[in-house]
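Enquirer: Sequence and predicted structure below; questions after.
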Amino acid sequence: MNVQAFDLRDDDRRPPVDDLVGIVQRGLRSQPKRLPSWLFYDERGSELFEAICEQPEYYLTRCEIELMAIHAGEMADVVGPEVRLVEYGSGNAVKTRMLLEHLHAPVAYVPVEISPEPLRRCVQETSERFPSLAVQAHPGDFTRPLRLPIPPRAPRRTVLYFPGSTIGNFEAREAAELLRKMRGEMGDGGGILIGADLKKDTAVIEAAYNDRAGVTAEFTLNMLVRLNREIGSDFDLASFRHRAHYNAMAGRIETFLVSARDQKVRVGKQLVGFAADEAMQVEYSCKYSHEDFASLAAKAGLQIAHAWTDPESMFAVYYLVRAGAPKA
């Protein structure tokens with residue numbers, strides 16, 4: 001099993017408590033109140049997200065897996081042989097293993113994951129499936145600058161793999177900044193394979209974020225469970241409810257935690273007031289047309305070299321290269 005050992009410390013997966021208190025307090029002073037979506041992903045949150053992906057209403061994972069089953073071989077041909085594959089937010093890496101099946105003599109696989117248990121499972125399962133592949137785990141936050149491990153041999157190119165639709169969780173300016181960061185990390189001649197959810201019927205989109213089993217609602221409320229545990233706040237879970245709706249003008253799902261009553265919550269030394277029906281924004285999930293995504297890529301100095309969709313054109317995977325680079 002060709003695995004580079006790693007040591008996951010608390011500061012790899014979350015900021016110090018004092019910093020987290022300050023982040024939450026600043027968010028709750030905003031108008032409207034807001035909390036960063038990365039707070040979803042403690043160990044329980046990661047488990048719940050995997051459960052969301054299995055819900056019948058959540059078409060995104062199903063469509064992306066179907067897309068990969070059809071096109072992974074072509075993607076491998078496009079990126080070429082002897083690549084180093086760096087995955088942002090590896091999770092259980094199901095789609096990644098579908099891609100690795102087709103890659104030609106890959107040099108290394110570098111999963112970048114903030115949650116410790118999903119990273120350990122990813123490393124174990126990938127190494128068992130591909131025993132000759134160098135797996136170089138990188139615990140941490142992919143939105144921060146990465147110091148990638150030294151590969152076992154020089155790759156022809158570095159390809160950053162960002163599956164799912166996580167890019168849609170960033171507002172346009174932040175998404176462009178992240179793509180610019182990725183552009184630097186892929187280096188000259190590198191590329192980015194990135195998933196994006198496409199615009200479609202509002203009812204289909206909204207159902208995906210309001211599943212009947214209530215898993216998404218539990219996932220959203222788990223953010224408050226985490227804060228109560230980690231910083232000693234006293235959010236009353238029974239006094240908040242999940243709400244997600246599609247803003248067609250902005251092209252995004254907007255997810256909120258809504259206060260069910262007038263109440264006060266202690267966060268550190270602050271007492272924060274919530275009015276009845278006050279909505280606290282916790283996540284955006286942007287949806288794109290092909291033109292939207294090309295425009296976003298251009299802001300980061302990138303261009304779409306190839307695009308693939310599932311048979312129903314619900315979801316897309318794009319291969320991005322530096323603007324002006326010849327298409328493969």
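Expert: It's in.

Enquirer: buried ones in stretch 249-264?
Expert: 251-257, 259, 263 (16 or more other CB atoms under 10 Å). Quick note: C-beta positions are derived from backbone N, CA and C, even for glycine.

Enquirer: Inside strands: which ones of these?
Expert: Among the buried residues of stretch 249-264, DSSP state E puts 252-257, 259, 263 in strands.

Enquirer: Name the residues of stretch 161-176 that are buried.
Expert: Residues of stretch 161-176 classed as buried by neighbour count (16+ other CB under 10 Å): 161-170, 172, 175-176.

Enquirer: CA-only coordinates of it in CSV, if you can.
Expert: Written as CSV, here are the backbone C-alpha positions of stretch 161-176 (Å, rounded to 0.1, in the frame of the first residue of the first chain):
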residue,chain,number,x,y,z
TYR,A,161,-10.0,17.7,-9.5
PHE,A,162,-13.0,19.5,-7.9
PRO,A,163,-16.0,17.2,-8.3
GLY,A,164,-19.5,17.8,-7.0
SER,A,165,-20.8,21.3,-7.3
THR,A,166,-18.9,22.8,-4.4
ILE,A,167,-17.7,25.8,-6.6
GLY,A,168,-21.4,26.8,-6.5
ASN,A,169,-21.1,27.4,-2.7
PHE,A,170,-19.0,30.5,-3.3
GLU,A,171,-20.3,33.8,-4.4
ALA,A,172,-19.1,35.0,-7.8
ARG,A,173,-16.1,37.0,-6.5
GLU,A,174,-15.0,34.3,-4.1
ALA,A,175,-15.4,31.6,-6.8
ALA,A,176,-13.2,33.6,-9.2
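
Enquirer: so who does the residue nearest to E278 when sequence neighbours are not counted touch?
Expert: Counting by CB to CB, 6 or more residues apart in numbering, S259 is the residue found nearest to E278 once chain neighbours are left out, at 4.7 Å. Going by CB atoms under 8 Å, 6 or more residues apart in numbering, S259 touches 239-240, 274-280.

Enquirer: Kindly recompute the last result at 7 Å.
Expert: By CB atoms under 7 Å, 6 or more residues apart in numbering, S259 lies in contact with 239-240, 274-278.
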